[in-house]
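# whatever this is, show me its structure:
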Amino acid sequence: MPLTITVTGASGFVGSHLCEALVEAGHTVRAMTRHPDTYDGAGEAVYGDVSDAESLGPALDGADAAYYLVHSLDREDFESADAKAARDFSAAAAKAGVRRIVYLGGLGREDQDLSAHLRSRREVEKLLGGDGVPVTVLRAAIVVGHGGISWEITRQLVDHLPAMVVPYWTSTKTQPIALADAVAYLVGVLEPAEAEGRVFEIGGPDVLTYAQMMQRASQVIKNRPLPMLVVPLLTPRLSSHWLAFVTDVDTETARNLIDSMSNEVVVTDDSIKTVVRRRLLTYDEAVRAA
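Residues are numbered from 1 along each chain as shown. Just a heads-up that it's a prediction; the model follows:
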């Protein structure tokens, strides 16, 4: 059934592709952005900023559902900023009569000492439903696609360096997912009744360490091996400065991402496959697509 849907972060990495997929599926899309005058993606551009509570009502009014795809990794106080934004969005969605919120969060076991980034993602999950609107959560690790911050770090490191001295966190396991698969899951949980109010874990078919991700990306992109030497002395702070020097990611974002890379982020519950059935791209296929 065609729905009216507000997509936050519509001009972002995942949001821009999601808007296209929702329009193709026959839905009416309100692409929420801080710069509607320059928006050139799918759907109708509407002004909205999660840090401006007054702007949320008009962006959500009349929407059947909303996607929440924003976070603030590029600032030191991202935890408090994201919590306030989630509270405001929850209240505005409830007032507007939104029937479902879909949120893209992060993988990571509850029994781990989660990083500030992943703790913030979990807090946002809870806060979005604080005013009674059912929230469907998809938890993912790295989404592999052109323009994604985590993927761009991998691609640029592989592109710029013939060999690497790498820190201990590159031996942490993760379960990357192709952008096309993440978007398909986001669209797929929009309407089914059995997806309402549930938390799903999503990932591709390959469980890899960050080092293996870079080495396999090097084989796919450059057709060459990527020699690595692991050293224990590169702290997250030093690593973030190193990444900011070698890639175009800013230091604050790099530090917040690296803090999370000590947490293993793999799928432990594949119940999403009973709701959305599809053949998932392998990591190598995702790299080629990206």
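# every contact and neighbour count from this point should use C-alpha atoms.
Will do.
# contacting residues around stretch 141-161?
The contact list for stretch 141-161 (C-alpha atoms under 8 Å, 6 or more residues apart in numbering) reads 13-14, 106-107, 174-179, 182, 202-203, 213-215, 217-218, 222, 226, 243, 246-247, 249, 257, 265-266, 286-287, 289-290.
# ok, of those residues, which come out buried?
13-14, 106-107, 174-179, 182, 202-203, 213-215, 217-218, 226, 243, 247, 249, 257, 265-266, 286-287, 290 (16 or more other C-alpha atoms under 10 Å).
# tell me the confidence at the most centrally placed residue in the chain?
Note on the chain: the residue nearest the mean C-alpha position is Leu104, at 5.7 Å, using C-alpha atoms, centre = their mean. We have a pLDDT of 97 for Leu104.
# confirm it sits in a strand?
Yes. Under DSSP: H, G, I helix; E, B strand; the rest coil, Leu104 sits within a strand.
# shouldn't Asp269 be in contact with Val199?
No. Using C-alpha atoms under 8 Å, Asp269 is not in contact with Val199; the gap is 9.7 Å.
# picking that back up, now intersect the contacts of stretch 141-161 with the helices, please.
In helices, judged by DSSP state H, the following of those are found: 13-14, 179, 182, 213-215, 217-218, 222, 243, 246, 257, 286-287, 289.
# so which residues of this structure form strands?
4-7, 28-33, 44-47, 65-68, 100-106, 135-140, 143-144, 164-166, 173-174, 177-178, 199-201, 208-209, 228-230 (DSSP state E).
# for Ala21, which of those strands is the nearest?
Smallest distance to Ala21 across the strands of the chain (C-alpha to C-alpha): 10.0 Å, for strand 28-33.
# if we can go back for a sec, so between Asp269 and Val199, which is more surrounded?
More crowded of Asp269 and Val199, by other C-alpha atoms under 10 Å: Val199, with 19 against 11.
# quickly list what that one is bridged to.
Val137 (DSSP bridges).
# how far does stretch 54-68 sit from its chain's centre?
Put simply, stretch 54-68 sits 20 Å off its chain's centre (C-alpha atoms, centre = their mean, to the nearest Å).
# now do stretch 159-179
That offset, for stretch 159-179, works out to 18 Å (C-alpha atoms, centre = their mean).
# can you pick out the most distant pair from the ones in helices among the contacts of stretch 141-161?
Farthest apart among those by C-alpha to C-alpha are Ala182 and Val246. That separation is 27.9 Å.
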